[in-house]
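# This is the structure alone, sequence omitted:
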Ligand SMILES: Nc1ncnc2c1ncn2[C@@H]1O[C@H](COP(=O)(O)OP(=O)(O)OP(=O)(O)O)[C@@H](O)[C@H]1O
């Protein structure tokens, strides 16, 4: 029987955007008291519901600004939805923002320790795994270089190598694979497949439909914060490529 490990239930996310600039906290409160603060709200997600089963590789697709990263941030617990609930069963390794959890002034070696500690591992454990991380990232010659001198692809290599070191229950990958070169992307895809075989659930955001088609079992297509279609990868990607909104507001296309 399928075990649901991520449940997103009627989630709406509204962001407040100040219409005019407020330079300091005092000015903010004065404007607020005088009711002069004009705030527009922007709905990034509206009434989004879906579930992901253990061991699935689930993809989120859609045009720029449709709400993919917001969905991942809500699932990871980085932001709380305005309305609705999210339930997550198990440990999450979120690879969401490139370089998040890194200090660019520190060297790669120092960042492995910092990032590992942030993920909750002990210093001893990280040190014992350091070589494995260096080997997978193929950045041996750059270990003493501060991250500010790394390219985005190199940061992605390091981030992915740390996040997948220990098999997480749930791996969340936001676009990161797309900044690596072809060889590294392939290596990441193989590792994702290995993790999947070991029962890890993977949630991926990618603009590369080819990558989604290659890796995912099921896909959700979002448009302007709304669910357009949810279902098997081939069908949903096909609808997306043709911009076929037929499935709009339907539940699952199977
Ligand atoms: N903290 C925030 N405050 C205000 N608006 C936000 C905030 N975060 C996201 N948004 C807005 O919410 C919408 C959805 O953003 P999100 O980053 O989830 O889109 P996306 O689908 O991941 O886009 P992309 O494909 O370009 O990465 C966008 O219009 C964005 O400007």
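Everything's here; your move. Here the structure is a predicted model, which is why all the values come from computation and not from measurement.

# Strands of the stretch 151-254 of the chain, residue ranges please.
Under the criterion DSSP state E, counting those that start in this stretch, the stretch 151-254 of the chain contains strands at 170-174, 201-205, 218-223, 226-232, 252-253.

# Next, format these as CSV and append mean neighbour count, distance to residue 70 and mean pLDDT.
The C-beta positions use only the backbone N, C-alpha and C, and glycine is treated the same way. Formatted as CSV, those follow (neighbours: other CB atoms under 10 Å; distance: least, CB to CB, whole Å; pLDDT from 0 to 100):
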stretch, mean neighbour count, distance to residue 70, mean pLDDT
strand 170-174, 24, 11, 88
strand 201-205, 24, 10, 94
strand 218-223, 23, 9, 97
strand 226-232, 20, 13, 96
strand 252-253, 14, 22, 54
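
# Using CSV, lay out those strands together with distance to the ligand.
Converted to CSV, these look like this (distance: least, CB to the nearest ligand atom, whole Å):
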stretch, distance to the ligand
strand 170-174, 8
strand 201-205, 6
strand 218-223, 7
strand 226-232, 12
strand 252-253, 20
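
# Mind checking the ones you listed for the one nearest to residue 68?
strand 201-205 (4.5 Å; CB to CB).

# Would you mind pulling the contact partners of that closest one?
Around strand 201-205, the neighbours that count as contacts under CB atoms under 8 Å, 6 or more residues apart in numbering are 5-6, 52-61, 68-69, 72, 75, 90, 169-175, 177, 192, 195-196, 211-212, 215-216.

# make it 7 Å
Contact partners of strand 201-205, identified using CB atoms under 7 Å, 6 or more residues apart in numbering, comprise 5, 52, 54-60, 68-69, 72, 75, 169-175, 192, 195-196, 212, 215-216.

# Can you list the strands that that strand pairs with?
strand 57-61 (parallel), strand 170-174 (parallel) (DSSP bridges).

# What mean pLDDT does the first one get?
Yep, that's strand 57-61 we're talking about. Averaged across strand 57-61, the pLDDT comes to 96.
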